[in-house]
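> build me a model from this:
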Amino acid sequence: MTGLMDRRHLLEQLASEQIQVAGGAGSAGVICVDIDQFKLLNVARGTQIGDDVLCETARRLKSVLRRGDTLARTGSDEFVVVLRMEGRTDADIRALTEGVAAKLLRSLAAPFHL
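Numbers count the residues shown, from 1 in each chain. From the prediction side, this is the model:
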């Protein structure tokens with residue numbers, strides 16, 4: 001529905017990232033996003049509205065990311081972002097990951113017009 005990678009494909013991607021990181025070929029940052037009270041939205045407004053919210057959430061999250069980053073939907077209302085980073089210090093990785101997380105949250109702050 002959202003056109004995003006699913007949990008199984010994400011786990012494969014993370015296994016590949018782990019091998020590269022362990023081999024010193026790069027680093028990665030991981031961000032998990034969960035929509036609070038999503039089940040309540042589905043009950044109160046119906047699953048079509050819930051589906052629309054999921055698709056719009058995916059669109060907004062994707063708009064923040066770079067080409068090499070990964071966005072997956074791992075559960076009904078759960079998303080995971082994997083940020084590829086090469087040649088960066090741990091402090092840089094943390095700062096970049098926190099900055100992207102803040103941008104992701106800002107992208108979701110605007111009202112959803114459904």
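
> look up phi and psi at the nearest residue in space to residue 100 that is not next to it in sequence.
Nearest in space to residue 100, with sequence neighbours left out and distances taken as C-beta to C-beta, 6 or more residues apart in numbering, is residue 83 at 6.0 Å. Glycine gets a C-beta too; all of them are placed from N, C-alpha and C. Reported as degrees, to the nearest 10, the phi and psi values for residue 83 are phi -100, psi 120.

> check the gap between residue 83 and residue 55 for me.
Separation of residue 83 from residue 55 (C-beta to C-beta, to the nearest Å): 22 Å.

> so the two - more neighbours on which side?
residue 83 (21 against 14; other C-beta atoms under 10 Å).

> what's the distance between residue 9 and residue 80?
For residue 9 relative to residue 80 (C-beta to C-beta), the value is 11 Å.

> which residues in this protein form strands?
Assigned strands in the chain, in chain order: 27-34, 70-75, 78-85 (criterion: DSSP state E).

> save the ones you listed as JSON lines, and put in distance to residue 114 too.
Shown next, in JSON lines, are these (distance: least, C-beta to C-beta, whole Å):
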{"stretch": "strand 27-34", "distance to residue 114": "19"}
{"stretch": "strand 70-75", "distance to residue 114": "18"}
{"stretch": "strand 78-85", "distance to residue 114": "18"}
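
> redo those strands as CSV? Include distance to residue 64 and mean pLDDT.
Output for those, formatted as CSV (distance: least, C-beta to C-beta, whole Å; pLDDT from 0 to 100):
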stretch, distance to residue 64, mean pLDDT
strand 27-34, 10, 92
strand 70-75, 9, 95
strand 78-85, 9, 92
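
> let me know which of the ones you listed is the nearest to residue 106.
strand 27-34 (12.5 Å; C-beta to C-beta).

> quick one, what contacts residue 83?
28-31, 65-66, 69, 96-97, 100 (C-beta atoms under 8 Å, 6 or more residues apart in numbering).

> and it, bridged to which residues?
residue 29 (DSSP bridges).

> what lies in contact with the helix or strand of the chain with the lowest mean pLDDT?
Every helix and strand of the chain was ranked by mean pLDDT, DSSP states H and E. The lowest is helix 7-22, at a mean of 88. Applying C-beta under 8 Å, 6+ apart, the contact partners of helix 7-22 are 5, 26-28, 30, 70, 72, 74-75, 80, 82, 84.
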